[in-house]
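**Student:** Okay, here's the prediction I keep looking at, along with the sequence it came from:
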Number of protein chains: 4
Amino acid sequence: MNPVNLELAAGLVDRAYIKQGGQARASREKMVRALLANRKLPEQGWDDQSIEFFLSELAMMDSNNFLGNIGVGEREGRVWSDLVARRHYRLSHGIGRSGDVQAVQPKAAGSSLLLKICTLMALDALQTAGLTETKGCLLLPVATGMAHVLTFLHLRSLRPKGRYVVWPRIDQQTCFKAIFTAGLVPLVVENQLEGQELRTDMKALQAAIASVGPDQILCVLSTSSCFAPRAPDRLEEIARLCKDLDVPHVVNNAYGVQCSAVCKLLSRAMRVGRVDAFIQSMDKNFMVPIGGAIVAGNNAKWLDGLAKSYPGRASASPILDLLCTLLSLGRAGWIRLLKEREENFVFLQESLSRLVQKDSHTATGDLCADLDKEQVLATPHNHISMALSLTSFGMSQDKRKGYTYLGSMLFSRNTSGPRVVDPSSVKTVAGVEFQGYSAHCNQYSVPYITIACAIGMTRSEGEQFLDRLQKCVLEFRKKQRAEGPGPTLHES
Amino acid sequence: MNPVNLELAAGLVDRAYIKQGGQARASREKMVRALLANRKLPEQGWDDQSIEFFLSELAMMDSNNFLGNIGVGEREGRVWSDLVARRHYRLSHGIGRSGDVQAVQPKAAGSSLLLKICTLMALDALQTAGLTETKGCLLLPVATGMAHVLTFLHLRSLRPKGRYVVWPRIDQQTCFKAIFTAGLVPLVVENQLEGQELRTDMKALQAAIASVGPDQILCVLSTSSCFAPRAPDRLEEIARLCKDLDVPHVVNNAYGVQCSAVCKLLSRAMRVGRVDAFIQSMDKNFMVPIGGAIVAGNNAKWLDGLAKSYPGRASASPILDLLCTLLSLGRAGWIRLLKEREENFVFLQESLSRLVQKDSHTATGDLCADLDKEQVLATPHNHISMALSLTSFGMSQDKRKGYTYLGSMLFSRNTSGPRVVDPSSVKTVAGVEFQGYSAHCNQYSVPYITIACAIGMTRSEGEQFLDRLQKCVLEFRKKQRAEGPGPTLHES
Amino acid sequence: MNPVNLELAAGLVDRAYIKQGGQARASREKMVRALLANRKLPEQGWDDQSIEFFLSELAMMDSNNFLGNIGVGEREGRVWSDLVARRHYRLSHGIGRSGDVQAVQPKAAGSSLLLKICTLMALDALQTAGLTETKGCLLLPVATGMAHVLTFLHLRSLRPKGRYVVWPRIDQQTCFKAIFTAGLVPLVVENQLEGQELRTDMKALQAAIASVGPDQILCVLSTSSCFAPRAPDRLEEIARLCKDLDVPHVVNNAYGVQCSAVCKLLSRAMRVGRVDAFIQSMDKNFMVPIGGAIVAGNNAKWLDGLAKSYPGRASASPILDLLCTLLSLGRAGWIRLLKEREENFVFLQESLSRLVQKDSHTATGDLCADLDKEQVLATPHNHISMALSLTSFGMSQDKRKGYTYLGSMLFSRNTSGPRVVDPSSVKTVAGVEFQGYSAHCNQYSVPYITIACAIGMTRSEGEQFLDRLQKCVLEFRKKQRAEGPGPTLHES
Amino acid sequence: MNPVNLELAAGLVDRAYIKQGGQARASREKMVRALLANRKLPEQGWDDQSIEFFLSELAMMDSNNFLGNIGVGEREGRVWSDLVARRHYRLSHGIGRSGDVQAVQPKAAGSSLLLKICTLMALDALQTAGLTETKGCLLLPVATGMAHVLTFLHLRSLRPKGRYVVWPRIDQQTCFKAIFTAGLVPLVVENQLEGQELRTDMKALQAAIASVGPDQILCVLSTSSCFAPRAPDRLEEIARLCKDLDVPHVVNNAYGVQCSAVCKLLSRAMRVGRVDAFIQSMDKNFMVPIGGAIVAGNNAKWLDGLAKSYPGRASASPILDLLCTLLSLGRAGWIRLLKEREENFVFLQESLSRLVQKDSHTATGDLCADLDKEQVLATPHNHISMALSLTSFGMSQDKRKGYTYLGSMLFSRNTSGPRVVDPSSVKTVAGVEFQGYSAHCNQYSVPYITIACAIGMTRSEGEQFLDRLQKCVLEFRKKQRAEGPGPTLHES
């Protein structure tokens, strides 16, 4: 309703009411104006009505939605299924052009604007979370694994001699496989045990670089978010080393944005040393469906180069999801989510600690008496994940059967996420055999169960988890008493 | 995107593309402008994207959607369920005020505008369909039965002595019950057989009025759309009589808008005599879900009086449906639908006639040989519905069993709509016993099956009906041969 | 996914995962099962996904959605616009049949089931709210005004001599107009001042009945929810009187369901005396868009009679809204909403009281010093609405200008709902002139502003209201000091 | 509604109607059953209601939608924004696992099933279109450019010595850039002019291979769909050569699926020689939003290898779009779309030919008299695109200005897709300079405008294009007459 239409409307409905309605309409346009002018997260989240209105405004600016448009090309944004058109808000042109995944599309001003705004908001969200050194970011409609591949390939074009990726071990397949997909060779650096926590072995890392010479190193791939008892890598020390040796440094920050400690660590690393890029998952940090990653860094030009190395167009779908989410959250909502996660982490860690203390019996009755042989592993550097030892969960015939069984009990009670880790397991990934796979080291001392307190987890979910865990242990103990406990597990 | 926002967008995406997008955006605003300025059906139907955009514009003008609105009243348009809010496009204030169902609502400029525009388009749609004398219409969010009640009650307030409704018989319960609901007394006028067609008996109608005196007659309630072999009432003659005797005349035009012959008949009646109001179903004429009626006439003041007699607010939902439909159709789509219906009627009537002719055997094989004892009843004044006699469908034990069985065969083959009529049935409606109920007269000569060719029926549906009918007859004949035909039915 | 399909799926995806998915699927079917078996509100509200799934199940059971269905009738549930079909979840047959608005429709098993279940849940919701004597209810897709008309018309058919409706005055137009729409004559009973509260004058009411004789009284129409300073009527005493005199009694319980005090009062009235029916708004009590009413009572047969008096079909749209809302709330959500309303009422009343006390200055600064001449009117029987006197809000030229101006200040600050009442206004409704209209009596002692604490109002809305009110008063005082206060208002 | 629930429903609504509704319900389950059992496109397309119902069934099988599920992992499919959840039908887990983009996800049986079924339908769609040799296909949620990169990277892992990609020139940036992105080196093979058509120069291609030796060739990348006057590559001869030399062969079949001639050509190539994989765009062939590609071939194992080389999870969004589209089309709809495209191609080609003939003057008046110096370029092997020479479109000052201006005239008339090609332009792509860029050869003889008749283009679009083209030419000639024509263009 532009002024002309409002004036016409005032011929049908009392002018005073139309005027008030028009003002309300205008207040939403002001929200859009503030967004376009500030180029940041809105302070307060938008309501869904405003978001959808904005999306329909954008869609009307794409040529496939022009009234009277005819297409005689091979790619005209035509959509057969109305269900599909609707679910994309009639945005069908994707993002990017053959030359650059960030490029503006002449046929799709709306989609282009969507990408620009979303990129600016995402940058603000990263900075707000604590990644204060971030100077630019690139939204890629591929998940973190492929974002690693693209980053490696771009690095390769800049550093043609680089063949090796130095990789402090983390038992997560995707990042390791990405090295191979890009045609590169990993140099695995085993972790160092510090108390019960696994941390980067800087000497081994340095030795790995030296083993082939810095020139042949494409990059060091460090990890900032991981499952306990592994800690985030020593990013500062790695960054300093990379700076000194002129070796690129990529940080797999998959779900680290949600954690202020990780953000601080990463920011310090950028300040004191070299970080070429850090890569994060859209879904793990921003609660969108799987499908997008953000590559960020403090060198906007480097990121432009990466954008230009992407061949052809790409799906706008993950960008659209992120846009909706960031508009819906606003800065206030984003900060609140981050804060709640940290509070829930403390709550969960303290609750677990209480469970394994003897004096918790009063509160919880006899229920968990039998957890007093266990401990919450001391992993002071990990602020997302925590682990509980499972030394007393053996069973007579097959000692491993015990904790596996506990895991399946939780699974069948609709508890997703906890992982039971057997330190003696062996697994081959991309042709490389790993001892103690899942435990991030060859021989961790105890079996354990590890959980994460991720963004979006509610306090109530935490409470229910504690409740279900206790019920499972109780049931387990019954079964164990019937079958006999077998040898204690940590003796293995 | 107002000019200010477009200018800001041009700071993010090339100005030329933003400009083109802005022009596309503007072309949709021009559609709204034309609608508000012309106050008629758009010439061409709108696409769904434009309709939804317009609806969201309207919704933003209602106070329940004002940003920062707080409510401390008892009726603030709050909606609990997001599903509900979404399906109403966040329009929740309904229509009307305590004083008038057409009144503008201060809290809801958008909903008020919606009602005004929809009323103007509906008026245009009626006129376009051939109801050229129509000067105004009232959109009521109640179905035709209740619209009749409201019309009667309004007439009563204008004509306090009126107690009787003169009613040429039509075997449809709703309109008859509406007379009782309004606390009135029907004077039933039996129909006259003219060939095989049932038509208004004007002498009997005149006698009915005379029996209590015109002063005590609230109105004559005639019917313009009905199932064959009944014809629409002799509207012109009734209208003339009502004018002469100063008796109000209401026309039950339930599904007559879709038929140009009915529209012409009704228009002539308005020109030559008296028609206070005619009432039509929204769903039967405009293919919306059940729930709305349109009361129209050539006296806008009379209609305003009716609007003002409606106590309190009302649902906007049927109005919203009609708005979407009329915008989606446009004048061109509406005319096309009307034309297709008339073509399909001719096709169906001709096809049925061919089925009962002996020389159709070549085309259809032996399949329908056994329909040659039947005929398509001659009902030259009915252009919506037609009837096929079923004299040869008796069965040995119970002659009625036959055609009832044919009906159920069609029903179980997912054919909805055909009605098998047994002229000997008796039914009591609202305490009044009717002989030959469903046949619109005490003793129609033959049993028959009646069908309608209504708006929205596709040619393909017609063809499939003919096909299923033939298959059912074939199957029926097999069964009949096994059981024996019994006495021929028309001898009863 | 029935077992056969799940088995086929297990040929494509690991059986174990399909099995778990099938169990999850089954858990939703169990929710439906519990609903159909218990015939009550679910204990916990359903998520939107479950509600939509259930609705699509229902829709598939309506003939317009049968695969391969063809229609040759005049009413086949065809929907032209896909937008319209979608927003009704493809349910288009409405509710009821010509004979009965509650009747099952052969063509629409799904819609019929929807109505039955929703009716049962609504009954449970009424009982849960405290209307414990309720034995049945009828969901009508018309708002409260028309529900009153239908109730009156039904009573009229049962009590043909009844011409008068005895009506303790409430200054709300709809219910008063409904009397006229139904062709009846109101006997207005003025209220009695009890302190600052307006209450039913039982003697006057008795006199009104006697004036024409109980036989000619169609019913007493009492009111249980209203704006302060009027109190709900003395329902018990009226019910007793009606029982004694054999006069029907209808309670306009428009927004009373949300208030436990009203529910208790109404329940007691039903126990000790006569209440034929009580009528409530769907939108005001259940936060759905305007368009539906519930007529309830303790005589299921009486309600069946009312259902059978409704001529023809009706919109299912308000029923669908109510169904979604009740499923979404569940019993727990419904009880929580009711509880929050009562808490907010207390909060708002106490906060207002504090504002007019001198010792509130510390807390609020000088801001409201000037409210110390005002008082919160003492209306101990009204638990939904409250009123604040405005005696010190005169202005020099026109003493009424003052409080009107205050009202418009609030309105322009997006505060909807508060009503400023001038006890000297006069208004004619349906031809009857009322002195002091809006104040429920001929001459209330002071002007005042009245607000309601209705269901769905949040605590935050209450706080913002108090804040905006104070700001408006402050601004008003500035203006007043500039213009001069004029005579104090209560001297008028 | 399983049998238990239907039985309960029959306690509320007449059993007969519930039974019929249940049968209708069952008929939709039979559609799902047929889909899961046949593992092919359904013969007839599904209606949207069935598709959405199926999607909600799938969603309920994913753990993020389990009732009572709690998550204590870092990736739980949580979705913040309801808008986002809804538009993905609450499917949020994406596809694939760290090891394999086709792998079943334990947490997401529904998403896994979706991928399997969609893959099977896509395979059927390819075969139906004429790609009869296809034995398997892989759905990738990246567009064609990235699909090329992944294919190259996989080939590289199988053929570590392969560094060069032999590439018959096609002036489309994406595929060329993909070679660089993958870290490879292109060997450009210029095209051969055959009449006015550009075709593969087999000798040059053979020479290119020989220049570095077959061992160092990663693959030949041929192109089967392109803009006239280039023809699809000589796939058979290339395939034979690759087979002989043991060199991999990848076909860029971007929008070739829609063309039966291309499908036949590609199928013959697979029969007689070597094709490792052919890559097609989802959006260009199946009318979905940009974002997906299908890699197909006759070696299912090879494709499995490619799937396993994809690191990590991926977006399900493009797969969901394809699923909806294929279900909506069904085999019948898919065949109809393909047929319409071929008919429209013939219509457009014939119409253009008529425009440039002198004897068309009578029909079109003087309008196009001035096109008689132009010709439709003879490109008998291209059945998707066609080109019209523009030799008479020079202008006085700058001869190129002419046809550029024609292009912009079309653009500003909302005609998207036509490309005006200036054979003298030069462009550098990925560091390589191309003469005559856009014309696929160093020096094409004439400037021309090229258009495509792609799937989904309607006959009406074709007609409107012809109309707008003529109007633009007419307007152009006016301007040209005013400015003077300049030298004829082909003399340059």
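**Tutor:** Nice, thanks for sending it over. Numbers count the residues shown, from 1 in each chain, chains lettered A, B, ... in the order given.
**Student:** angle of the one helix or strand residue A:354 maps to against helix D:317-355?
**Tutor:** According to DSSP states H and E, residue A:354 maps onto helix A:317-355. Interaxial angle, helix A:317-355 versus helix D:317-355 (axes from the mean of the first three to the mean of the last three CA atoms, to 10 degrees): 180 degrees.
**Student:** who does helix A:317-355 touch, helix- and strand-wise?
**Tutor:** Using 3 or more CB pairs under 8 Å, 6 or more residues apart in numbering or on different chains; DSSP states H and E as the contact test, the elements touching helix A:317-355 are helix A:48-60, helix A:109-129, strand A:136-140, helix A:282-286, strand A:385-389, helix A:459-483, helix D:82-87, helix D:317-355. The C-beta positions use only the backbone N, C-alpha and C, and glycine is treated the same way.
**Student:** Please tell me I have it right and residue A:96 contacts residue A:104.
**Tutor:** No. Counting by CB atoms under 8 Å, residue A:96 sits too far from residue A:104 to count as a contact (9.2 Å).
**Student:** more neighbours, these two?
**Tutor:** residue A:96 (30 against 21; other CB atoms under 10 Å in any protein chain shown).
**Student:** and the gap between residue A:389 and chain D?
**Tutor:** 17 Å (CB to the nearest CB, to the nearest Å).
**Student:** give me the low-pLDDT residue ranges for the stretch 201-350 of chain A?
**Tutor:** Along the stretch 201-350 of chain A, the model assigns pLDDT under 70 to no residue.
**Student:** Spell out which parts of it neighbour chain D.
**Tutor:** Residues of the stretch 201-350 of chain A lying near chain D by CB under 8 Å from any CB of the partner chain: A:225, A:227, A:254-255, A:281, A:283-284, A:286-292, A:309-318, A:320-321, A:324-325, A:328-329, A:337.
**Student:** Show me which residues of the stretch 351-492 of chain A are close to chain D?
**Tutor:** So the stretch 351-492 of chain A meets chain D at A:384-385, A:414-419, A:451-454, A:456-457, A:461-462, A:464-465, A:468 (CB under 8 Å from any CB).
**Student:** mind running it again at 7 Å?
**Tutor:** Within the stretch 351-492 of chain A, the positions lying close to chain D (CB under 7 Å from any CB of the partner chain) are A:414-418, A:451-452, A:454, A:456-457, A:461, A:464-465.
**Student:** in the stretch 201-350 of chain A, what residue is nearest chain C?
**Tutor:** residue A:332 (14.3 Å; CB to the nearest CB).
**Student:** Just give the number of residues close to that residue.
**Tutor:** As a burial measure, residue A:332 scores 13 neighbours (other CB under 10 Å).
**Student:** C-alpha coordinates for stretch A:67-86, PDB please?
**Tutor:** Extracted C-alpha coordinates of stretch A:67-86, given in PDB (Å, rounded to 0.1, in the frame of the first residue of the first chain):
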ATOM      1  CA  LEU A  67       4.300 -10.000 -14.200                       C
ATOM      2  CA  GLY A  68       4.400 -10.600 -17.900                       C
ATOM      3  CA  ASN A  69       7.900 -12.000 -17.900                       C
ATOM      4  CA  ILE A  70       8.600 -14.500 -20.700                       C
ATOM      5  CA  GLY A  71      11.700 -16.600 -20.800                       C
ATOM      6  CA  VAL A  72      13.500 -18.000 -23.800                       C
ATOM      7  CA  GLY A  73      16.700 -19.000 -22.000                       C
ATOM      8  CA  GLU A  74      17.600 -22.400 -20.500                       C
ATOM      9  CA  ARG A  75      17.500 -21.200 -16.900                       C
ATOM     10  CA  GLU A  76      14.500 -19.000 -16.200                       C
ATOM     11  CA  GLY A  77      13.700 -19.900 -12.600                       C
ATOM     12  CA  ARG A  78      10.700 -21.800 -13.600                       C
ATOM     13  CA  VAL A  79       9.200 -24.000 -10.900                       C
ATOM     14  CA  TRP A  80       6.800 -26.800 -11.700                       C
ATOM     15  CA  SER A  81       5.400 -27.700  -8.400                       C
ATOM     16  CA  ASP A  82       3.400 -25.100  -6.500                       C
ATOM     17  CA  LEU A  83       4.500 -26.800  -3.200                       C
ATOM     18  CA  VAL A  84       8.100 -26.200  -4.200                       C
ATOM     19  CA  ALA A  85       7.500 -22.600  -5.300                       C
ATOM     20  CA  ARG A  86       5.700 -21.800  -2.000                       C
END
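**Student:** And the residue of the stretch 1-150 of chain A found nearest chain C, how close does it get to residue B:325?
**Tutor:** The minimum distance from the stretch 1-150 of chain A to chain C, using CB to the nearest CB, falls at residue A:82 (6.8 Å). Look at residue A:82 and residue B:325: by CB to CB, to the nearest Å, they are 17 Å apart.
**Student:** Show me which of the two is the more surrounded one.
**Tutor:** Just comparing residue A:82 and residue B:325: by other CB under 10 Å the higher neighbour count belongs to residue B:325, 25 against 15.
**Student:** which residues does that one contact?
**Tutor:** B:286-288, C:80-81, C:84 (CB atoms under 7 Å, 6 or more residues apart in numbering or on different chains).
**Student:** 10 Å instead?
**Tutor:** By CB atoms under 10 Å, 6 or more residues apart in numbering or on different chains, the residues touching residue B:325 are B:45, B:51, B:118, B:121, B:125, B:282, B:286-288, B:333-334, C:79-81, C:83-84.
**Student:** do the same with residue A:127
**Tutor:** The contact partners of residue A:127, taken as CB under 10 Å, 6+ apart, are A:40-41, A:133-135, A:137, A:263, A:267, A:296.
**Student:** Next one: it, what pLDDT does it get?
**Tutor:** Looking at residue A:127, its pLDDT reads 98.
**Student:** Run a quick neighbour tally on the residue nearest to residue A:466 when sequence neighbours are not counted.
**Tutor:** Spatial nearest neighbour of residue A:466, chain neighbours left out: residue A:351 (5.3 Å); criterion: CB to CB, 6 or more residues apart in numbering or on different chains. Neighbour count of residue A:351, defined by other CB under 10 Å: 16.
**Student:** For residue A:351, report the pLDDT, please.
**Tutor:** Note on residue A:351: pLDDT of 95.
**Student:** Number of residues surrounding the nearest residue to residue A:1 once chain neighbours are set aside?
**Tutor:** Nearest non-adjacent residue to residue A:1, counting by CB to CB, 6+ apart: residue B:57, 5.1 Å away. Residue B:57 sits with 21 neighbouring residues when counted by other CB under 10 Å.
**Student:** again, but for residue A:26
**Tutor:** Using other CB under 10 Å, residue A:26 is surrounded by 15 other residues.
**Student:** Please apply the same query to residue A:278.
**Tutor:** Residue A:278: 31 surrounding residues under other CB under 10 Å.
**Student:** quick one: it is in a helix?
**Tutor:** No. Checked against DSSP: H, G, I helix; E, B strand; the rest coil, residue A:278 lies outside a helix; its state is strand.
**Student:** Tell me what it is bridged to.
**Tutor:** residue A:251, residue A:296 (DSSP bridges).
**Student:** Next one: it from residue A:122, what distance?
**Tutor:** Distance, residue A:278 to residue A:122, by CB to CB: 13 Å.
**Student:** one step back: from residue A:66, how far out is the residue nearest to residue A:1?
**Tutor:** Applying CB to CB, the value for residue B:57 to residue A:66 is 19 Å.
**Student:** isn't residue A:181 right up against residue D:150?
**Tutor:** Yes. Residue A:181 is in contact with residue D:150 according to CB atoms under 10 Å; the separation is 7.8 Å.
**Student:** Overlap of the contact sets of those two?
**Tutor:** Common neighbours of residue A:181 and residue D:150, using CB under 10 Å, 6+ apart, are A:146, A:149, D:309-310.
**Student:** I appreciate the help and will end here.
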